[in-house]
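Undergrad: I'll drop the sequence and a predicted model, then ask my questions.
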Amino acid sequence: MIALHGGAGALSSQTMSAEKERDYRQALDAITRSGQTILADGGNALDAVTQAVRLLEECPLFNAGIGAVFTHQGAHELDASVMDGRSRSAGAVCGVRHIRNPILAARAVMEHSPHVMFTGEGAEQFAFRQGLARVENDFFSTPERYQQLQRALAADGGALLDHDGAAADPIDPDRKFGTVGAVACDSQGNLAAATSTGGMTNKQAGRVGDSPIIGAGCYADNATVAVSCTGTGEVFIRTAAAHEVAALVAYAGLSLEQAAARVVFEQILPLGGSGGLIAVDAAGHVALPFNSEGMYRAVGYVGQAPDVGIYR
Ligand code: ASP
């Protein structure tokens, strides 16, 4: 099975347009199906999550790749990570501006370097040496995200979670965490997780959230769980959120569902964090808890239609 998220945040039911909601649902459904096809054809969990996150990066509805939010300075700085539960191999890039698909760069770091994380220009040079596509920074720009930045600047607000706000999205685009992620369990019981983001609207240049940090926004270990997070990155870092789910399963004997809920409601929330996570274990159990009003999400078991959700 595969599960996806497209970010979490505040719902604005008054301004929600049926058309936008349909667009989100269709995108989540189609991308889940493409992950399911890989798994149905005997593909592994790592390939399924990489493909799903690459497609989410290509979809302008979500805050990763095309459609990434703007920094305070008006640019895009992207972060991504991937982890293979078979070996606990991991790769990540942060603060990249010209790599078309940061998730492919994270995977290249994992597979073609002895390291786990590359930042900024060094990450880009590494990715281009691996043959990955280069784009101009404004390749990622969309008018919606630009308006979001203008609203954040006008409100003199701090950094905003991508889905936390108020416009024509089912989840207000100014007040949401539009990070994307995927977790999967393949037919061999292998787990994998991948996460990719533009970060938070109006973030300062150089700010890095949880998404590219292994153990915070992404984690996978066949022995426990695969997790991808979305929300207030600073709090997910401080709680080591993704690894904390694994630790509660491994050491406290909690079920996947109990462990995931405990992190989201008893650790993230008291520290002022908003958001959620998706998690899967090797038995194919899935949990998708969030403490915000909504989280774009989907679950697809091979052979079944995807189950797509937005609201509570
Ligand atoms: N967690 C991401 C960050 O802090 C934001 C998000 O989930 O949308 O960069």
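TA: Looks like it came in fine.
Undergrad: next up, the contacts around Val96.
TA: Residues near Val96 by C-beta atoms under 8 Å, 6 or more residues apart in numbering: 77-79, 102, 105, 120, 123-124, 127. The way it works is simple: take the backbone N, C-alpha and C, and place the C-beta from them, glycine included.
Undergrad: so what's it bridging to?
TA: Leu78 (DSSP bridges).
Undergrad: ok, so of the contacts of Val96, who is nearest the ligand?
TA: Asp79 (6.5 Å; C-beta to the nearest ligand atom).
Undergrad: is the closest one in contact with Lys203, as I believe?
TA: No - assessed by C-beta atoms under 8 Å, Asp79 is found out of contact with Lys203, at 10.5 Å.
Undergrad: between those two, which contacts overlap?
TA: In contact with both Asp79 and Lys203: Gly209, using C-beta under 8 Å, 6+ apart.
Undergrad: ok, those two, which is more surrounded?
TA: Asp79 (31 against 22; other C-beta atoms under 10 Å).
Undergrad: next up, the contacts around the residue nearest to that one when sequence neighbours are not counted.
TA: Closest residue to Asp79 apart from its sequence neighbours, by C-beta to C-beta, 6 or more residues apart in numbering: Pro212 at 3.9 Å. By C-beta under 8 Å, 6+ apart, the contact list for Pro212 reads 79-81, 92-94, 106, 117, 195, 218.
Undergrad: point out where the stretch 101-250 of the chain drops to low pLDDT.
TA: Within the stretch 101-250 of the chain, the stretches with pLDDT under 70 are 156-158, 160-177.
Undergrad: do that again at 80, thanks
TA: 156-178 (pLDDT under 80).
Undergrad: quick one, strands of it?
TA: In the stretch 101-250 of the chain, the segments counted as strands under DSSP state E, counting those that start in this stretch are 117-119, 171-177, 180-185, 191-197, 218-220, 225-231.
Undergrad: hang on, the earlier thing: what's the distance between the residue nearest to Asp79 and Ile38?
TA: 23 Å (C-beta to C-beta, to the nearest Å).
Undergrad: give the partner strands of the strand ranked longest in the chain in its sheet and their orientations.
TA: For the chain, the longest strand by residue count, based on DSSP state E, is strand 2-11. Using DSSP bridges, the strands paired with strand 2-11 are strand 171-177 (antiparallel), strand 180-185 (antiparallel), strand 294-300 (antiparallel).
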